[in-house]
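Asks: requesting a structural model of the entry that follows:
(2 chains)
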Amino acid sequence: MSEVNLEKIDDFRWRIPKSYRPGMRAPGVIYADEKLLKDIRQDKAMEQVANVAFLPGIVKASLAMPDIHWGYGFPIGGVAATDIENGGVISPGGVGFDINCGVRLLKTNLQFEDIKNKLKDLACALFSDVPSGVGSKGDIRVSAKEEKEILVKGAKWAVEKGFGTKDDLDCTEEQGAIAGADPAAVSERAYARGKAQSGTLGSGNHFLEVQVIDQLYDRDACDALNLDLGQVTVMIHSGSRGFGYQVCEDYTRSMVHCLAKYGINVPDRQLACAPVNSPEGKAYLGAMKCAANYAWANRQCLMHLTRLAFERIFNLSWQKLGMFLIYDVAHNIAKIEKHIIDGEEKILCVHRKGATRSIPPGHPDLPQKYKKIGQPVIIPGDMGRNSYLLAGREGAAETFYSACHGAGRLKSRTASSRSENADTLLKDLESQGIIVKASGRQTIIEEAPQAYKNVNDVVDVVHNAGLAKRVCRMRPLGVIKG
Amino acid sequence: MENYEVFEHTADIGIRIKGKDLKDLFKNAGLAIFRISSRKQFTKNKNHANISIKISSDNLESLFVDWLNELLSLSSAKGLIFHNIKINKLENNSIEAVAVGSDINNYKVNTEIKAATYHGLEVFLGPGGWQAEVILDV
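Replies: Just a heads-up that it's a prediction; the model follows:
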């Protein structure tokens, strides 16, 4: 339970004053309404928002999205930008172990009516064709030389192998390959862990979901995206697997030494960091980008396997099924971006730890097709309720163009295990028309809808605070879990 | 009685481990992470692998986290679940040990533990022996 005295800024913004703890270099700002705030107070997330404010070079404030919850180092749902020219640091803990964990959303031209009788077959096909589960190994095998190529080329590597098209890359953040990846900065162990895991979903909260659009909010944006009520979509949530975990671990360990070397004071060693421009900071950034590209290649492969499974069930090519990528976003990443701060352009290192980039209409980093509506912001919910498609708005300038990344956990896995029963849960979900296929029963229990905040409440805050606008909402039909 | 217990953490798993001495603490912690993540179900491959581990760190707490992360990392890279650990030496913030693992395919793995973290980390000598608390990212 957190006793932090918050200052109310408005109905959706709350400040942790800089005076809360000596050593804070900026205030904290939490995006939430009264209802969500009650849950946020239940764990140590707010303390972590304050801890992040200790980072040298932090600009404006340590930010927390409405899906914030207790993590390690950064809170999950945390955003922090540091000014590189002003001693700004980069922290592996501000990205997390699952580097470039993210989501992609595909549309189809299928209607709910077209799939309702094939849903079980489809879920089984996806479960068998898309490798999932802990340490799962993919059918997409790569040589050592190719693995290095993946780290630099990202999703483009997969497209060159025939696992997608150039259009897919246009609809991926950073075109699926962030520049500046340095394979030499990656340890042998990371290579060993990443090998054979390309094209695998992983476990825990990662999933592949067949969904149907059940609510439209912005007709113009839906028209621009060719989306309508009753239309079937597919969402894929995965990351960089063991490769990313190892990169994070290697650099967290080495950056603990940087705290003394650069005279940095942080209240939690998991916030170990180094100046972005230091040799250690540059090396981490080069390695982190490798993991980010690995993750984009991974999600591209997962989408390819998904398209093949649909082709098998519907006997039509994926193009005929209209399975085009809407967008792919990273939600665990640090990026070097230009932002206007107090009227001046600054180059910042923006950490998004459980937060999604949300750039507005007209932004230069948007592909042509989204220049008018803004960046698609994809928000997965839990497996029983909803997921959302939002679009970036100018209001997000105050969060370095960031929005939430999901519903956010409410209950611990242990609490969930005590109160849930896998059989009852599966029956409940089935009665709501949701089929769940999972490698482990424990995952089903830990990922029970009740373990999460209501994504509708979280998205309301993001929309009302002007960080992104609601476009449409989906509900799950078939869920594949690791 | 188990020599470890799980405590509440919203997103991840916290574990509290006990040991009669430091070696015992490190051994119990190492075995606990695999007890939590997996359960033996099959005997598809009877071979056991003995993996030698040697690590040095700046202090005892860092050594504790580094040790757990080395076990997790080796487990993932080599496709092994460790079920026995022998610690040969543990002094001056260094550890030398042998971890015995068997093929991951012999196990039903329920939870993927990504890493041990420094957040909220404690390693101390209490009245009843050594104790540690660590949060695992899952």
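Asks: bridging residues for the residue lying closest to residue B:56 once chain neighbours are set aside?
Replies: Of all residues not flanking residue B:56 in the chain, residue B:94 sits nearest, at 4.3 Å (CB to CB, 6 or more residues apart in numbering or on different chains). (Glycine included, C-beta is placed from N, CA and C.) Residue B:94 forms beta bridges with residue B:56, residue B:91, as assigned by DSSP bridges.
Asks: what about residue B:94, distance to residue A:407?
Replies: Separation of residue B:94 from residue A:407 (CB to CB, to the nearest Å) stands at 44 Å.
Asks: circling back: residues near the residue nearest to residue B:56, how many?
Replies: 12 (other CB atoms under 10 Å in any protein chain shown).
Asks: Three-state assignment for the nearest residue to residue B:54 once chain neighbours are set aside, please.
Replies: Excluding its sequence neighbours, the residue lying closest to residue B:54 (CB to CB, 6+ apart) is residue B:96, at 5.1 Å. Taking DSSP: H, G, I helix; E, B strand; the rest coil as the rule, one finds residue B:96 in the strand state.
Asks: just checking, residue B:96 touches residue B:70?
Replies: No: with contact defined as CB atoms under 8 Å, residue B:96 does not reach residue B:70; the gap is 11.9 Å.
Asks: who has more neighbours out of these two?
Replies: With other CB under 10 Å as the criterion, residue B:96 and residue B:70 differ in neighbour count, and residue B:70 comes out ahead with 21 against 15.
Asks: backbone dihedrals for that one, please?
Replies: Main-chain dihedrals, residue B:70, degrees, to the nearest 10: phi -70, psi -40.
Asks: from chain A, how far off is the most centrally placed residue in chain B?
Replies: Note on chain B: the residue nearest the mean C-alpha position is residue B:30, at 1.9 Å, using CA atoms, centre = their mean. Distance of residue B:30 to chain A, given as CB to the nearest CB, to the nearest Å: 16 Å.
Asks: near chain B, which residues of the stretch 51-200 of chain A?
Replies: Neighbours of chain B within the stretch 51-200 of chain A, by CB under 8 Å from any CB of the partner chain: A:69-73, A:76, A:96-98, A:133-135, A:189, A:192-193.
Asks: can you give me the pLDDT of residue 82?
Replies: No chain was given, so I picked chain A. Predicted confidence (pLDDT) for residue A:82: 98.
Asks: switch to chain B, that's the one I care about
Replies: For residue B:82, the model assigns a pLDDT of 97.
Asks: returning to what we had before: which residues are common contacts for residue B:96 and residue B:70?
Replies: Both residue B:96 and residue B:70 are contacted by residue B:53, under the criterion CB atoms under 8 Å, 6 or more residues apart in numbering or on different chains.
Asks: rewinding a little: who wins on neighbours among the residues of the stretch 51-200 of chain A next to chain B?
Replies: residue A:96 (31 neighbours).
Asks: for the nearest residue to that residue once chain neighbours are set aside, grab phi and psi.
Replies: Take residue A:96 and drop its neighbours on the chain: the residue closest to it by CB to CB, 6+ apart is residue A:332, 4.6 Å away. Residue A:332 adopts backbone torsions of phi -130, psi 90, taken as degrees, to the nearest 10.
Asks: how about residue A:332, what does it touch?
Replies: Residue A:332 makes contact with A:95, A:96, A:98, A:99, A:100, A:101, A:102, A:239, A:352, A:353, A:354 under the criterion CB under 8 Å, 6+ apart.
Asks: the fourth one and chain B: what is the separation?
Replies: Between residue A:99 and chain B the distance, using CB to the nearest CB, works out to 11 Å.
Asks: that residue belongs to a helix?
Replies: No: the assignment for residue A:99 (three-state DSSP) gives coil, which keeps it out of a helix.
Asks: okay, and for chain B, where does confidence drop off?
Replies: B:1 (pLDDT under 70).
Asks: please identify the residues of it in proximity to chain A?
Replies: Within reach of chain A by CB under 8 Å from any CB, chain B has these residues: B:6-13, B:37, B:58, B:62, B:66, B:69, B:73, B:76-79, B:104, B:108-112, B:114-115, B:117-121, B:135, B:137-138.
Asks: switch the cut-off to 6 Å
Replies: With CB under 6 Å from any CB of the partner chain as the criterion, chain B meets chain A at residues B:6, B:8-11, B:69, B:73, B:76-77, B:109-110, B:112, B:114-115, B:117-119, B:135, B:137.
Asks: got a quick ChimeraX command for the buried subset of the residues you listed?
Replies: Here is the ChimeraX selection string for the buried members of the residues of chain B next to chain A, based on 16 or more other CB atoms under 10 Å in any protein chain shown:
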select /B:6,9,10,11,69,73,76,77,109,110,112,114,115,117,118,119,135,137
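Asks: now go through the residues of chain B next to chain A and say which are in strands.
Replies: B:6, B:109, B:115, B:135, B:137 (DSSP state E).
Asks: quick one: which of the residues you listed is nearest to chain A?
Replies: residue B:109 (4.0 Å; CB to the nearest CB).
Asks: my read: the closest one touches residue B:40, true?
Replies: No: the criterion here is CB atoms under 6 Å, and residue B:109 misses it with residue B:40 at 10.6 Å.
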